[in-house]
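# Output the structure for:
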Amino acid sequence: MGSGISSHHYSMGVREILSSLSGSDSHTVLVYPDIETLREIYSNYIQQQLDKNQIVLFLPYFETVEGVRNILSVFQNTYGKRIKVEHHLRDGSLLILDSYEVFFNNKIKNSARTHSSQSYTNNRSGIVLLLRIMQSHCKKIGKDGVTMLVDFGVFFTNAELEDILNYEKTVLHSFSDKALTHICLYHQRDFDTRLNNDDKAILLNEHGKTLLMLD
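Numbering: from 1, shown residues only. Next comes the predicted model:
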């Protein structure tokens, strides 16, 4: 399957990635090479989506919530435009939440033998509820849709591959509302070392668009 990926998908620069994301399918996978590159991508993309009257939810893993807020606060695009981070946080059009807290905060602490994947299974309804609340809030405050960015590094550390594939296959299928855009972020290191060729084929097949930005 590795050669299949190479023939059908290709590495692109940040500008090309942003251009592809701007007309993105509702379910897109983006493989990024490093955190610095991801920061450039998510800062520009979040600004674009806010300008498009979207509610944006970002669930980072390799950065703290406060760290992301700081990155967005000092960001300015090529035209010198900044993101009004505090304003968007106050009116609920921007949410930055810890991915571990969202997906795994129901971990059963009393049993050291409890498998971590059970934490996700028990809490899967939590992310669905969060998205439903956001979609309701979206209509209430007159936004045009919800954009969600999730870094899947949290799954590789706290769950099993089966949980990742299960999430990709089932959770978003709960939503028929096309006003939900989901960007699934995978660090290249995880993508290359944690997934075999069959896993990659299954993962990519679950997305309407695949963007590989590789070293």
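
# which regions of this structure lie under the pLDDT threshold?
Within the chain, the segments meeting pLDDT under 70 span 1-12, 24, 106-125, 172-178.

# could you pull out the helices for it?
For the chain, the helices defined by DSSP state H occupy 2-8, 14-22, 35-51, 65-74, 85-91, 99-104, 116-140, 153-158, 161-166, 188-194, 197-205.

# Let me have those in TSV, extended by mean neighbour count and distance to residue 146.
All C-beta spots, glycine's among them, are computed from the backbone N, C-alpha and C. As requested, the helices of the chain are exported to TSV (neighbours: other Cβ atoms under 10 Å; distance: least, Cβ to Cβ, whole Å):
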stretch	mean neighbour count	distance to residue 146
helix 2-8	11	29
helix 14-22	16	15
helix 35-51	19	9
helix 65-74	16	18
helix 85-91	14	14
helix 99-104	19	15
helix 116-140	16	5
helix 153-158	20	20
helix 161-166	17	21
helix 188-194	16	25
helix 197-205	15	22
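
# Adding distance to residue 29, write those helices out as CSV.
Listed next are the helices of the chain as CSV, based on distance: least, Cβ to Cβ, whole Å:
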stretch, distance to residue 29
helix 2-8, 11
helix 14-22, 11
helix 35-51, 13
helix 65-74, 20
helix 85-91, 26
helix 99-104, 16
helix 116-140, 17
helix 153-158, 13
helix 161-166, 11
helix 188-194, 9
helix 197-205, 6
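
# Among these, which comes closest to residue 211?
Ranking the helices of the chain by proximity to residue 211 (Cβ to Cβ) places helix 14-22 first, at 5.6 Å.
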